[in-house]
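Peer 1: dropping the sequence and predicted coords here.
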Amino acid sequence: MKRFSLSIVSLTAFLLGLIWVVGSGEAVQKPETKMIFLADTVHINLDEQEATDDSEASNEDSRETLFKEIKKFNQTVYDIKNRYMEDIDTKELINSGIRGMLKNLDRFSVLMEKQSYDRLMESTHGKYEGLGMEIDSRDDYIIVVTPMEGTPAYRVGLKPGDQIREIDGKSTLKMTTSDAAKLMRGPAGTSVNLKVKREGLSKPLDFEVERAIIELKSVNYYGVIPGTNIGYVRLSRFAEETSNELREAINDLNSKNVDGVIFDLRSNGGGLLEQAVETAELFIEEGKLVVYTRGKFAGSERRHYSKAIPLYPDKPLVVLVNEGTASASEIVAGALQDWDRAVIVGRPTYGKGLVQQIFPIGADDDVALKLTTAKYYIPSGRCIQKPEIQKKEDATDNMAELDAEDSANADTMNISDREIFYTNRGRVVYGGGGILPDVEMKNEAVYQPIEINLERKRLFFDFAVKYVAMHNDLQPGLEITDDIIKDFKTYLKDENFNYETDLEISLNELKDLIKEEKKNDEFASAVGEFETIVEKDKESDFNASLDYIKRALKREITSKLAGQRGVYEDVILKSDEDVLKAVDILKDKSEYTRILTEGQTIGQSDTKEK
């Protein structure tokens, strides 16, 4: 069985040359490894084929040149190891050379040390100790793709799109996601400080987040939406037990004979490819194409079809997506859209669809090469990957020019610039990366400074803990009364809660300028009037954000009384705008049918062979 593409042959030759020069020991081939496929950051595939014989022949000259160039590396390693003025660690020298070779590739092709590899594998099962969020690298900094529900990152109010500028005082500029994860993970009970830049705010935010044991559950909640006969399933990740958890949820909803199902993939950062395929086959006919991958060579294409009779084959289905919907969740949403099996509601998805393989390097398993080898395509022929997300070094130049609203939406292309594709029934869908919803929802409301600071300082959470402890007779489903609001105001006063408004930040900048120019006396009166305005502005902030404050208090108190399930049933399913829109669509059968048949006059399209 052939396992290595030209890139891997080249890298292997390079490493063998290094071993010969520095005498690192005997080269031993790694025993065969169990195949694991991921539609997130990695796609491990030991069955990948090399090029055809014709391709091999056409590359002879380039290979000859390649081996000549490898000698330069050998000589450089020899000179550095034996002639440099100080001792050099051989392992680090070689690893640095590999990182240099990967520098100009896409930003998902990296050298993984054992700890990073172990963390990647643990994300597919079990638990870990950390903050509980999906992160990525964009615009030269680390961004939050999504905080996982119920985790420390979620509770302190970190949001998708937040840019992490510092971790415990260390700048994240040019930092890899694996290095950032290493800094943020640690023993449960310890804390980490994050300095975060949020879109629309001029001043960075400081978050003190306490690490905890993160349970990696896939189905966070399922049940029937109160007051309806519509089922709801929330899936947060694709891991080893995802399909089993989903089957349990769908079987239970089927037993209740629901009229429709809302499948929530918002802020789902991806996971195992195998589980994405098994998830799709719960809803589409057996034998349908779910996703295929295509790499450099003709023989590299791999197709994945549904292999089981669906549990929920024909009843109405709505899938919720947003800018945090990525990789495996985009495969599922895209396949259901292409086969006209579901109405997609929400905001444009992230656009992460690079296939990667992990190749162990050496015999001691301390490092592995994570190399991008192909891209993911959904049945209509659309590629999930967005071009700007693929880039590594020059991503800043392009991303800096993006409109802030487009960046927040994870949609950086105008519809007119996107390539047109067709679903199985002939509906128009668009390429260019990511999944565009059939029904697009407006952006989430912009958070006000008072709301941001109440969340990041965990004051809703801390107040709820104390309030529930002081009121033993509380029951789930409580409403936030004026008395509770009064108690919360008193709590904020006792905690000396304070924050800077945008107006106050501008005033402080003006004060600094006045001081620098030594004109304090001249502007003292004007500054005093400005300070009075700022204080009055703060007094009105609480009332202006009262609806948000009530929802946040209800969320946290309900969470203490009834856990996450209670939060879904008493808060999310009753007030979430995307969920309510999905309910309206499922209740209106003519509207649901209209969306799924719109564009059918274009003609049937054989999505399987496109």
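Peer 2: Okay, I see it. Numbering: from 1, shown residues only.
Peer 1: now stretch 327-335: average pLDDT?
Peer 2: In this model, stretch 327-335 has a mean pLDDT of 96.
Peer 1: do the same with stretch 501-512
Peer 2: Averaged across stretch 501-512, pLDDT comes to 84.
Peer 1: so residue 146 is in which element?
Peer 2: strand 141-147 (DSSP states H and E).
Peer 1: does anything pack onto the helix or strand that that strand is followed by? Which helices or strands?
Peer 2: Read in the C-terminal direction, the helix or strand following strand 141-147 is helix 152-155, with elements assigned using DSSP H and E. When contacts are defined as 3 or more Cβ pairs under 8 Å, 6 or more residues apart in numbering; DSSP states H and E, helix 152-155 sits against strand 141-147, strand 205-210. Quick note: C-beta positions are derived from backbone N, CA and C, even for glycine.
Peer 1: residue 101: neighbour count?
Peer 2: With neighbours defined by other Cβ atoms under 10 Å, the count for residue 101 comes to 16.
Peer 1: and the gap between it and residue 70?
Peer 2: 11 Å (Cβ to Cβ, to the nearest Å).
Peer 1: and if you look at residue 475?
Peer 2: Per Cβ to Cβ, residue 475 is found 71 Å from residue 70.
Peer 1: wait, doesn't residue 549 sit right on residue 484?
Peer 2: No: when contacts are counted by Cβ atoms under 8 Å, residue 549 is not listed as touching residue 484 (10.1 Å).
Peer 1: which residues does residue 559 contact?
Peer 2: 150, 464, 566-567 (Cβ atoms under 8 Å, 6 or more residues apart in numbering).
Peer 1: three-state assignment of residue 487?
Peer 2: Secondary structure, DSSP: H, G, I helix; E, B strand; the rest coil: residue 487 is helix.
Peer 1: how many neighbours does it have?
Peer 2: By the other Cβ under 10 Å criterion, the neighbourhood of residue 487 contains 17 residues.
Peer 1: thinking again about what came up before, and residue 475 and residue 70? Which one has more around it.
Peer 2: Ranked by neighbour count (other Cβ under 10 Å), residue 475 and residue 70 place residue 70 first, with 18 against 7.
Peer 1: where does the more buried one fall, phi/psi-wise?
Peer 2: Recorded main-chain torsions at residue 70 are phi -60, psi -30, according to degrees, to the nearest 10.
Peer 1: what about it, distance to residue 559?
Peer 2: The gap separating residue 70 from residue 559 is 58 Å, by Cβ to Cβ.
Peer 1: same check on residue 572?
Peer 2: From residue 572 across to residue 559, the span is 11 Å (Cβ to Cβ).
Peer 1: check residue 471 too.
Peer 2: Distance, residue 471 to residue 559, using Cβ to Cβ: 15 Å.
Peer 1: repeat for residue 190
Peer 2: With Cβ to Cβ as the criterion, residue 190 and residue 559 are 23 Å apart.
Peer 1: please apply the same query to residue 298.
Peer 2: Counting by Cβ to Cβ - residue 298 and residue 559 are separated by 53 Å.
Peer 1: got it, and residue 447?
Peer 2: Separation of residue 447 from residue 559 (Cβ to Cβ): 19 Å.
Peer 1: residue 291 against residue 277, yeah?
Peer 2: Yes: if you go by Cβ under 8 Å, residue 291 and residue 277 touch, sitting 6.9 Å apart.
Peer 1: need the overlap of contacts for those two.
Peer 2: Common contact partners of residue 291 and residue 277 (Cβ under 8 Å, 6+ apart): 304, 331.
Peer 1: can you list the domain ranges for this protein.
Peer 2: Per automatic domain parsing, the structural domains of the chain span 6-34+47-105, 127-215, 449-577.
Peer 1: where along the stretch 351-500 of the chain do the helices fall?
Peer 2: Under the criterion DSSP state H, counting those that start in this stretch, helices of the stretch 351-500 of the chain are mapped to 387-390, 395-399, 404-409, 449-456, 459-470, 482-494.
Peer 1: can you tell me which of those helices is most buried?
Peer 2: Mean neighbour count (mean count of other Cβ atoms under 10 Å) peaks for helix 449-456 among these, with a mean of 20.
Peer 1: show me the contact partners of that one.
Peer 2: Residues contacting helix 449-456 (Cβ under 8 Å, 6+ apart): 156-158, 198, 201, 205-207, 447, 460, 497, 499-502, 538, 541-542, 545, 548-549, 552.
Peer 1: distance from it to the middle of the chain?
Peer 2: Distance of helix 449-456 from its chain centroid, counting by Cα atoms, centre = their mean, to the nearest Å, is 23 Å.
Peer 1: may I have that helix as CSV, with CA atoms only?
Peer 2: Listed next in CSV are the C-alpha coordinates belonging to helix 449-456 (Å, rounded to 0.1, in the frame of the first residue of the first chain):
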residue,chain,number,x,y,z
PRO,A,449,-20.3,48.3,27.6
ILE,A,450,-22.3,47.7,30.8
GLU,A,451,-23.4,44.3,29.5
ILE,A,452,-19.9,43.3,28.4
ASN,A,453,-18.4,44.2,31.8
LEU,A,454,-21.2,42.5,33.8
GLU,A,455,-20.5,39.3,31.8
ARG,A,456,-16.7,39.3,31.8
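Peer 1: could you number the chain from 350 rather than 1 from now on?
Peer 2: Sure, I'll start counting at 350 from here, so that last one is helix 798-805.
Peer 1: and that helix with helix 831-843, angle?
Peer 2: An angle of 80 degrees separates the directions of helix 798-805 and helix 831-843 when computed by axes from the mean of the first three to the mean of the last three Cα atoms, to 10 degrees.
Peer 1: residue 884: how many residues sit nearby?
Peer 2: Neighbour tally, residue 884, other Cβ under 10 Å: 10.
Peer 1: helix or strand for it, which one?
Peer 2: Secondary structure (DSSP H and E) places residue 884 in helix 869-893.
Peer 1: what about residue 667, distance to residue 701?
Peer 2: With the distance defined as Cβ to Cβ, residue 667 ends up 23 Å from residue 701.
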